[in-house]
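S.K.: Okay, here's the prediction I keep looking at, along with the sequence it came from:
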Amino acid sequence: MLMLLNTAWLYAQDLHIFYDVFEDTVYYQIDGKAVAQPAVKKGQQVILHVLNYNDYIYDLELETEAEDFNVPASGSPLFGGGSSGSALAQFRSLTGGMGGTGFGLDSTRIADQGSGMVDQANVSTATKAMARRFASHLQAMEDIESEIQELNGYLNKELQSQAFQQIALDEVRQLRQHPGLSPKKIKALSMDYLKPVLGVRRDEPLNIGEVVRRTDQSSAIQKTVEDYEQEVGQLQMELEKLEASRSVLFEAPDLPDTDRLALAVAYESAALRVAGYEEKAQSVREQLTGLESLQLRELTELGYLYEEMQEHRFEQKFVFSPDADLTTFRIRLNPVDSALQQGVRPKQLNPIKLNTYGGLKVNASVGVSFVRFFDRPQSYSVRDSFIVADDQDAFLPIISSFFHFYPQSRRQVSVGGTFGLGIGVGGDNAGLQTYFFGPSLILGQGQRVVFTTGLAGGKVERLAQGYQPGDVYDATILPTKSIYELGFFLGISFNIMGN
């Protein structure tokens with residue numbers, strides 16, 4: 001259990017790089033949280049997500065460039081003219097702009113016009129009975145109208161499907177290779193085309209049986225139109241009855257003028273609506289003559305296209321475990337053959353640079369060191385038969401070369417160890433070798449400045465044969481010896497070659 005948890009934690013620490021190709025933006029996440037300046041440990045997994053990338057137009061070519069900071073060793077316009085509304089305009093033209101209550105007619109119900117009439121107590125029983133008959137005809141017309149609205153919904157859907165089928169396949173094919181639209185928009189528009197044709201609701205899976213059923217919708221639509229026309233005929237019959245009741249009521253001497261006006265308004269409104277339904281029925285009949293039956297092969301192809309677009313993510317994922325100090329990702333988009341023919345040109349995206357840290361680094365630098373021995377070097381001479389010692393310089397400048405070994409920090413500052421070799425310049429120390437060992441403070445990664453301190457070991461001249469300063473000595477040449485002694489140093493160096 002502990003091992004599983006540890007594995008999950010390690011995976012959660014992976015760096016995810018998200019490159020949005022269409023927006024040309026990059027952002028980074030570790031453990032689901034945004035990171036402003038990413039850096040990963042060497043060997044840690046890096047997942048590059050190339051998002052919003054239209055692989056119907058481009059083939060993606062990814063090149064990685066590793067660098068260590070070491071010592072050197074087109075098509076036709078969318079929707080027939082670039083306007084996203086032209087295809088919808090074709091559909092509206094084909095279907096007559098149907099939609100809403102009463103095929104676009106006023107949404108007020110027929111029966112609403114006759115409510116509340118002839119309620120006065122001074123009206124005769126016969127007049128009230130005739131008014132109730134008038135209202136019953138209005139109610140019957142409302143019930144028929146509800147049936148018409150239900151048929152309207154079905155016809156609207158099927159005619160939309162038929163109309164979309166005529167343009168969906170070509171439009172979606174063109175849509176997929178439209179360079180001016182984002183892949184997200186392409187997918188959304190493609191779904192808007194394909195769902196009505198295939199009878200798919202929301203994001204439900206495609207029903208093959210429904211696809212087969214829709215290959216011969218003309219007869220079903222024809223039957224629905226006949227039912228629609230029958231309902232309109234029933235509505236016309238009720239209108240005639242309504243007109244008869246109105247005529248009788250108008251002859252009633254005790255009918256108030258206000259109710260007489262309400263009856264006239266209710267009848268005229270109902271007559272206008274019936275005329276509107278008859279006109280729409282004729283319009284639908286004319287539209288049917290221009291529609292072709294959906295072919296099984298075409299619908300099957302549209303079904304495959306729907307499944308493809310529904311699952312298509314318009315992205316690619318690459319997994320790396322970088323070991324170099326700096327990894328550069330270079331993404332190039334090369335147009336496919338069909339896109340090249342349409343004038344689409346290759347694209348070179350902005351490079352993504354990723355620093356890594358960790359692992360043992362060994363680098364070199366050259367600079368200058370200042371050495372001070374624990375016992376100050378001296379020069380010796382004989383004066384008045386006595387050995388005399390004179391102190392030399394307090395420190396020695398030495399041209400130095402260093403080898404640094406350190407774990408690379410994720411920041412621009414690292415701490416490590418250093419071994420070095422120096423050659424003395426000027427004076428008695430010219431050409432003498434000095435060795436260095438100690439800790440270093442390394443600033444930078446590619447171009448570095450290194451501050452080093454620690455122990456220094458080099459040769460100094462000392463009296464030999466047991467002599468000490470102040471001893472009596474009669475000879476001219478003093479016996480001396482060159483021996484290694486320790487001291488401390490401070491050095492500054494730079495990498496003058498390589499990275």
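M.R.: Thanks, I have it. Computed from a prediction, not measured in an experiment: that's the story for all the values here. Numbering: from 1, shown residues only.
S.K.: So what touches stretch 227-240?
M.R.: 137, 140-141, 144-145, 147-148, 151-152, 155, 270-271, 274, 277-278, 281, 284-285 (Cβ atoms under 8 Å, 6 or more residues apart in numbering). No exception for glycine: its C-beta is placed from N, CA and C like everyone else's.
S.K.: Emit the ChimeraX select command for whichever of these are buried.
M.R.: Burial among the contacts of stretch 227-240 is assessed by 16 or more other Cβ atoms under 10 Å; the matching ChimeraX selection reads:
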select :137,140,141,144,145,148,151,152,155,270,274,277,281,284
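S.K.: which ones among the contacts of stretch 227-240 are found in helices?
M.R.: 137, 140-141, 144-145, 147-148, 151-152, 155, 270-271, 274, 277-278, 281, 284-285 (DSSP state H).
S.K.: Please enumerate the helices of the stretch 201-350 of the chain.
M.R.: 208-213, 218-251, 257-288, 296-311, 337-341 (DSSP state H, counting those that start in this stretch).
S.K.: Could you dump those into a markdown table with distance to residue 356 added?
M.R.: As requested, the helices of the stretch 201-350 of the chain are exported to a markdown table (distance: least, Cβ to Cβ, whole Å):
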| stretch | distance to residue 356 |
| --- | --- |
| helix 208-213 | 51 |
| helix 218-251 | 65 |
| helix 257-288 | 66 |
| helix 296-311 | 35 |
| helix 337-341 | 36 |
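S.K.: Can you give the distance of stretch 335-346 from its chain's centre?
M.R.: Centroid separation for stretch 335-346 versus its chain: 23 Å, with Cα atoms, centre = their mean, to the nearest Å.
S.K.: ugh, wrong one, stretch 123-140
M.R.: With Cα atoms, centre = their mean, you get 67 Å for stretch 123-140.
S.K.: what comes up buried for that stretch?
M.R.: Burial within stretch 123-140, assessed by neighbour count using 16+ other Cβ under 10 Å, is assigned to 123, 127-128, 130-131, 133-140.
S.K.: Also stretch 230-237?
M.R.: 231-232, 234-236.
S.K.: what's the average pLDDT for it?
M.R.: For stretch 230-237, the mean per-residue pLDDT is 86.
S.K.: Looking at the helices of the stretch 201-350 of the chain, which is nearest to residue 17?
M.R.: helix 296-311 (23.8 Å; Cβ to Cβ).
S.K.: what's that closest one packed up against?
M.R.: With contacts taken as 3 or more Cβ pairs under 8 Å, 6 or more residues apart in numbering; DSSP states H and E, helix 296-311 sits against helix 125-176, helix 183-198, helix 208-213.
S.K.: where among these is the average confidence lowest?
M.R.: helix 208-213 (a mean of 59).
S.K.: Next one: residue 342 relative to residue 32, how far apart?
M.R.: The gap separating residue 342 from residue 32 is 40 Å, by Cβ to Cβ, to the nearest Å.
S.K.: Tell me which residues touch residue 381, please.
M.R.: Taking Cβ under 8 Å, 6+ apart as the test, what residue 381 contacts is 387-388, 390, 478.
S.K.: Please consider this matter closed, and thank you.
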